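Q: Model the structure of this input:
(one chain, ligands or ions: 1)
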Amino acid sequence: MIIDPSTMPWLHAYRLMIGSILPRPIAWVSTTSKEGVHNLAPFSFFTAVAAEPMTICFSPMRRGSDGGKKDTLANIEETGEFVVNIVSEALAEAMNRTAADLPPEVDEFQVAGLTPVASATVRAPRVGECLVAYECRLLQVVHVGEAKPGAGALVLGTVQRLYVADEVLDQGRIKLDLLQPIGRMAGNDYVRCTDRFSVERPTTGR
Ligand SMILES: Cc1cc2nc3c(=O)[nH]c(=O)nc-3n(C[C@H](O)[C@H](O)[C@H](O)COP(=O)(O)O)c2cc1C
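A: Numbers count the residues shown, from 1 in each chain. You can find the predicted model right below:
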């Protein structure tokens, strides 16, 4: 079957994407509003962009209910800063609590019982319980679609500082078995990084 996504309701198109673009890593994004309220929410439309300068990106969609901007995007556009925290398996429940659609004056660190720890270069705190966190300065927001449900935005951030807990760092590499990052599937499902296999890469002439 060949599908033209422009002919279907956005939710149907969304379901096809989250069921086939898998597994997705999770950016647990902390921001601080202009008024000084901390915000924390997970985003699985998330990946790396470049190593020099170290750059990452994630995509907050418009709210499904009213097409408004999510608090995370509003804070980033106002302050130009955010932190991406990596979710270990032990933090899955807490992460899920921060996905509730709460008003901007609610601090999700408090809702989920998490510790905001001051960042080195940005006002937004990192999650103290996380073993890896990327402090970012906003590089660019690319708005995609109109201001209504189904639309999104690509948020690119230049990493100013990278926090890595000493115990997960081994000669410049991350110890995956200690970090235990989780990935998002469709619906309420998640995956661990424990079912791995290797494939040798071909050597190239260049
Ligand atoms: C694991 C997980 C991944 C999510 N990924 C996304 C995502 O990629 N894009 C998005 O717009 N919302 C995503 N959500 C939903 C947001 O976290 C949710 O809308 C949240 O309330 C946004 O918070 P904010 O308004 O404080 O920014 C995800 C939720 C969960 C539980």
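Q: C-alpha from now on. contacts and neighbour counts both.
A: OK.
Q: what ranges do the helices span in the chain?
A: Secondary structure of the chain by DSSP state H: the helices cover 10-20, 71-79, 92-97, 108-112, 176-179.
Q: Near the ligand, which residues of the chain are found?
A: Contacts of the chain with the ligand, taken as CA under 6 Å from any ligand atom, map to 39-45, 59-61, 70-72, 96, 99-101, 184.
Q: that older thread, quick check: which of the helices of the chain is buried the most?
A: Of all the helices of the chain, helix 71-79 carries the top mean neighbour count, a mean of 20, counting by mean count of other CA atoms under 10 Å.
Q: Show me the contact partners of it.
A: Outside of helix 71-79, the residues within contact range by CA atoms under 8 Å, 6 or more residues apart in numbering are 29-34, 39-41, 60, 82, 104, 138.
Q: Please state the offset of it from the chain centre?
A: Distance, stretch centre to chain centre, for helix 71-79: 14 Å (CA atoms, centre = their mean, to the nearest Å).
Q: Alpha carbons of that helix, as PDB, please.
A: The C-alpha trace of helix 71-79 is given here as PDB (Å, rounded to 0.1, in the frame of the first residue of the first chain):
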ATOM      1  CA  ASP A  71       5.700  24.900  27.600                       C
ATOM      2  CA  THR A  72       9.100  23.500  26.700                       C
ATOM      3  CA  LEU A  73       9.100  25.300  23.300                       C
ATOM      4  CA  ALA A  74       7.700  28.500  24.700                       C
ATOM      5  CA  ASN A  75      10.400  28.600  27.400                       C
ATOM      6  CA  ILE A  76      13.200  27.800  24.900                       C
ATOM      7  CA  GLU A  77      12.000  30.500  22.500                       C
ATOM      8  CA  GLU A  78      11.900  33.000  25.400                       C
ATOM      9  CA  THR A  79      15.200  32.100  27.100                       C
END
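Q: Report the mean confidence score over that helix.
A: Averaging pLDDT along helix 71-79 yields 98.
Q: same thing with stretch 136-150?
A: pLDDT averaged over stretch 136-150 gives 97.
Q: how long is it end to end?
A: Taking CA to CA, to the nearest Å, stretch 136-150 runs 26 Å from one end to the other.
Q: Test of understanding: give the bridge partners of Glu81.
A: Arg137 (DSSP bridges).
Q: quick revisit: which among the residues of the chain next to the ligand count as buried?
A: Neighbour counting with 16 or more other CA atoms under 10 Å marks 39-45, 59-61, 70-72, 184 as buried within the residues of the chain next to the ligand.
Q: Narrow those residues to those in strands?
A: Mapping those onto strands (DSSP state E) picks out 39-43, 184.
Q: Kindly reformat those residues as TSV containing pLDDT and distance to Asp4.
A: As requested, these are exported to TSV (pLDDT from 0 to 100; distance: CA to CA, whole Å):
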residue	pLDDT	distance to Asp4
Asn39	97	36
Leu40	98	35
Ala41	98	31
Pro42	98	29
Phe43	98	26
Arg184	98	25
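Q: Go through these and name the one nearest the ligand.
A: Using CA to the nearest ligand atom, Phe43 comes nearest to the ligand of those, at 3.2 Å.
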